[in-house]
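S.K.: just a sequence and a predicted model for now, questions to come.
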Amino acid sequence: MARYPQRVPQESSAADGGVAAVDRALMLLTAFAEGDRSLSLQELAERTGLVKSTALRLLVSLQHFALVQRLGDGRYALGPAVARLNSLYSASFGLDTLVPPALRALVDATRESASFHVRQGEQRLILFRLNSPQPLSDHSRVGELLPLERGTGGHVIMAFSGAKGALYDQIRRERVIALVSDRVPELAGVSSPVFEMGDRLVGAITLTLPKERFHEGLAAQVKAAAAALSAQLGGHVGGHVESA
């Protein structure tokens, strides 16, 4: 039985203004899910609702353009052209294009200050920053250097650089950390990692606020923002953990 609901297209249908054969070929590409190293012809047919003979003809065309590859055991995997397209897609978006809107959305949703931290040697740099509209808030500045060993943003960067210990194990497992009075006594912080293509750590999205305004729901909001940004950069929330 197929692991996913079958999507049964009409053989002659296409998106408005599109081509039915192209739609069906793209359905085969999007049938691959996270964790799928390869799929059989039967699995592809079940996931797309295509008859096997149609799927086979489309797979030949996709192979011609290296979008899929047929393995020695007869199963199919995504081809090298997919990686090339992903690389081109990721390269077309710089951090300065994607991060500020992500921080703006987080500030609008929480009314707290949001930053994006990257590692710089043995410290972390505030690369992007949007301040809270509220009068009582943390007003760190872009370009400011902060310690790695204190503050949630630093802990996230250390966790995904192979740091050992229960705290870092928890961060790698939960992909978010929230602490009160860790770097500054009056402040709370919430941070989550952001990954790029190849699941390499790019940095950390961090929300900072007076400890009196901290609540548990902020962790889910920061984690969701980081996951969405990772997806735009070609990474995912699972991420890669470098060895120490």
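M.R.: Sure, I can see it. Numbers count the residues shown, from 1 in each chain.
S.K.: can we go C-alpha only for contacts and neighbour counts from here?
M.R.: Will do.
S.K.: tell me where the model's unsure across the chain.
M.R.: Applying pLDDT under 70 to the chain flags the ranges 1-17, 87-93, 236-244.
S.K.: what's the burial count for Gly162?
M.R.: Residue neighbour count, defined by other Cα atoms under 10 Å, stands at 16 for Gly162.
S.K.: what does Ala83 give?
M.R.: 13.
S.K.: check which helix or strand it maps to.
M.R.: helix 80-91 (DSSP states H and E).
S.K.: I'd like to know which elements the helix or strand just after that helix is packed against.
M.R.: Per DSSP H and E, the first helix or strand lying C-terminal to helix 80-91 is helix 95-110. Where contact means 3 or more Cα pairs under 8 Å, 6 or more residues apart in numbering; DSSP states H and E, helix 95-110 is packed against strand 113-120, strand 123-130, helix 217-232.
S.K.: can you pull the buried residues of the longest one?
M.R.: By neighbour count, and taking 16 or more other Cα atoms under 10 Å as the criterion, the buried residues in helix 217-232 are 218-219, 221-232.
S.K.: that one to strand 113-120, inter-axis angle?
M.R.: 50 degrees (axes from the mean of the first three to the mean of the last three Cα atoms, to 10 degrees).
S.K.: now do the second one
M.R.: Strand 123-130 and strand 113-120 meet at an angle of 150 degrees, taking the same axes, to 10 degrees as the criterion.
S.K.: direction included, what does strand 123-130 pair against?
M.R.: Here strand 123-130 is paired, per DSSP bridges, with strand 113-120 (antiparallel), strand 145-147 (antiparallel).
S.K.: how is the chain partitioned into domains?
M.R.: Split into domains by automatic domain parsing, the chain comes to 20-88, 93-232.
S.K.: do I have it right that Leu179 meets Ser191?
M.R.: No - using Cα atoms under 8 Å, Leu179 is not in contact with Ser191, being 9.1 Å away.
S.K.: compare the two (neighbour count), which wins?
M.R.: Between Leu179 and Ser191, counted using other Cα under 10 Å, the more crowded position is Ser191 (33 against 16).
S.K.: the more buried one belongs to a helix?
M.R.: No - assigned with DSSP: H, G, I helix; E, B strand; the rest coil, Ser191 falls outside any helix and is strand.
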